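*Asks:* A structural model of the following input is requested.
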Amino acid sequence: MLKIRLPERPLHRFGLAALIGAAGVLCFAPFGLFWLAPVIWGALFALLQRAESPRQGLLTGLSFGLGFFLCGVSWVYVSLSVFGGMPWWLAGPAAFLFCTVMALFPMIAGWVFKRWQPGNLWQQALLFAALIAGLDWVKGWIFTGFPWLTVGYSQAPPSPLAGFAPLLGVHGLSLIVALSGALLVRWRLGLPCLAALALLGFGLRQVAWTDPVGEPVRVALIQGNIPQEMKFRPEAFIRTLNLYRELIEANPAQLTLLPETAMPVFIDQLPGDYLDDLKTLAQRQGGDLIFGTLTGDGNAYYNSAVSLGASPLQVYSKSHLVPYGEFIPPGFAWFMAYANIPASSFTRGPEKQAPLAVAGQKVAINICYEDVFGNEIIRALPAAGILANLSNTAWFGHSLAQPQHLQIAQMRALETGRPMLRATNTGMTAIVDARGQVSAALPAFETGVLHGEVRAYTGMTPYGRFGDWIALAMIVAMLLLALNRKY
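*Replies:* Purely as a prediction, here's the structure:
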């Protein structure tokens, strides 16, 4: 067994857990040290083994979680304070509280692990992996869900373990990372297991779960780079409209995508001839344009994507809304009074919406962080041949949010076997192919247009058919094996 010298005093071990959690952020974009993930979660496993009671296990998990989320999602403070207008004395505690709530999930894992810790290493590893992956899944749906920094995202390409994504999804990858990490405490067992998993993942990467269909579509993804502080100001409105019209005219394509709320008003408040101009520009190429705007009827309004061009006008309305940013949870109106977040009370769009029929293809639209919910993205399959995300991450400034979001898009492409087009306001505008590889991307915080050719894909991956159910079945099976006292 690998001998790891850990601090003897519990307080020192809690501090070490926080440092290990902070280092875990290096496994994700933009750092991309995917190979470090089994080591990080293996170190957490070793610390939990050394814990002397469920209470120490709880505090170890909490310390790890605080280090992990305070470093990994610190951009929450940026959105609240810098762009949300909330005073620092409220934004700081609010961001800390948010990260503390996220840290409750590894905290629960630590307590449960020590409370029911089995006697042998295999069962301990199974219990640990099931808890890490299972609670990551719970984090992705409870209170509308926040699956950011789910462990499995660290294994997006170029990790060889990415080959498991079309079968098991991101939560299955979390299970693999946590299990292999736990086994690393006995390196003569863990290293061969990890090598075998990497080889199997590499082999699975060679499987074509879906197939291209039809002719390539010429796309233009427009990144307006409108500063967030100017986006909703009346004096900048006409400049914004003119900028997008000029970029569309200068960059013809069969399918043109603009970011989320590129037109930051209700669609019927746009100048009368503006939409006609955009439609004419799209029709010149026999193509279509999709842009983000607001729609509604006075009683309810939606964060929507609207298509114009050769195809009939179509609308997609965002279904999975962001708490506080797009809807106000009951009892928190007082909190929002301290923030200056425009359009923070949207209505949910229908859960099931047909893909948009544009440019001769079926394109499944998702808006902003809707693409972090893999089980929701697959609702558009098998009809959709292309996925498209419209985002505005200017809310998070120069932070880790943008590369992390692009990595999430890579995972959705892998899980579905579909290319993902990303049109964003400030970054990261990109084309992700059906194998999860970023084939092209624009630099962040620059105005530009990304050109490319994309083919639609047909067929279904196992994850596309069954969603998270395969990973959940594995988690339950591992829990039962881990807690079976006969072994």
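*Asks:* quick one: low-confidence ranges for the stretch 301-450 of the chain?
*Replies:* 324-344 (pLDDT under 70).
*Asks:* Just list the residues touching the residue lying closest to residue 319 once chain neighbours are set aside, thanks.
*Replies:* Spatial nearest neighbour of residue 319, excluding adjacent residues (C-beta to C-beta, 6 or more residues apart in numbering): residue 349 at 4.5 Å. Heads up, the C-betas are built off the backbone N, CA and C, glycines and all. Residue 349 sits next to 302, 304, 316-319 when contact means C-beta atoms under 8 Å, 6 or more residues apart in numbering.
*Asks:* By neighbour count, which of those residues wins?
*Replies:* residue 316 (28 neighbours; other C-beta atoms under 10 Å).
*Asks:* gap between stretch 392-407 and the chain center?
*Replies:* Chain-centre distance of stretch 392-407: 10 Å, with C-alpha atoms, centre = their mean, to the nearest Å.
*Asks:* Quick one: the strands in this structure, in order.
*Replies:* With DSSP state E as the definition, the chain shows strands at residue ranges 211-223, 255-257, 288-296, 301-309, 314-317, 356-358, 361-367, 386-391, 420-424, 430-432, 438-441, 448-458.
*Asks:* Could I get those in CSV, plus columns for distance to residue 29?
*Replies:* Formatted as CSV, those follow (distance: least, C-beta to C-beta, whole Å):
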stretch, distance to residue 29
strand 211-223, 18
strand 255-257, 22
strand 288-296, 24
strand 301-309, 25
strand 314-317, 27
strand 356-358, 28
strand 361-367, 19
strand 386-391, 15
strand 420-424, 13
strand 430-432, 12
strand 438-441, 10
strand 448-458, 18
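*Asks:* Tell me, how many residues neighbour residue 253?
*Replies:* That count, for residue 253 with other C-beta under 10 Å as the rule, works out to 23.
*Asks:* cool, and residue 438?
*Replies:* Residues near residue 438, counting by other C-beta under 10 Å: 19.
*Asks:* and the gap between it and residue 315?
*Replies:* 29 Å (C-beta to C-beta, to the nearest Å).
*Asks:* Ok, residue 157 next?
*Replies:* Counting by C-beta to C-beta, the separation of residue 157 from residue 315 is 33 Å.
*Asks:* Neighbour count: those two, which is higher?
*Replies:* For residue 157 versus residue 315, neighbours defined as other C-beta under 10 Å are more numerous around residue 157 (23 against 16).
*Asks:* Contact partners for the more buried one?
*Replies:* 410, 414, 435-437.
*Asks:* if you set the cut-off to 7 Å instead, what comes out?
*Replies:* Applying C-beta atoms under 7 Å, 6 or more residues apart in numbering to residue 157 gives the contacts 410, 436-437.
*Asks:* ranking the residues you listed by neighbours, who comes first?
*Replies:* Neighbour max across the contacts of residue 157 (other C-beta under 10 Å) = residue 436, 27 neighbours.
*Asks:* how about that one, phi and psi?
*Replies:* phi 80, psi 10 (degrees, to the nearest 10).
*Asks:* Also residue 417?
*Replies:* phi 70, psi 30.
*Asks:* which residues touch the closest residue to residue 302 other than its chain neighbours?
*Replies:* For residue 302, ignoring the flanking residues on the chain, the nearest one in space by C-beta to C-beta, 6+ apart is residue 317 at 3.9 Å. Neighbour list for residue 317: 295, 302-304, 349 [criterion: C-beta under 7 Å, 6+ apart].
*Asks:* Can you verify my assumption that residue 47 contacts residue 59?
*Replies:* No. The pair residue 47 / residue 59 is not scored as a contact, 10.4 Å apart, by C-beta atoms under 7 Å.
*Asks:* more neighbours, the two?
*Replies:* The residue with more neighbours, out of residue 47 and residue 59, is residue 47; 24 against 20, by other C-beta under 10 Å.
*Asks:* For residue 10, see how far away that one is.
*Replies:* Taken as C-beta to C-beta, the span from residue 47 to residue 10 is 10 Å.
*Asks:* what does residue 120 give?
*Replies:* From residue 120 to residue 10 the distance is 25 Å (C-beta to C-beta).
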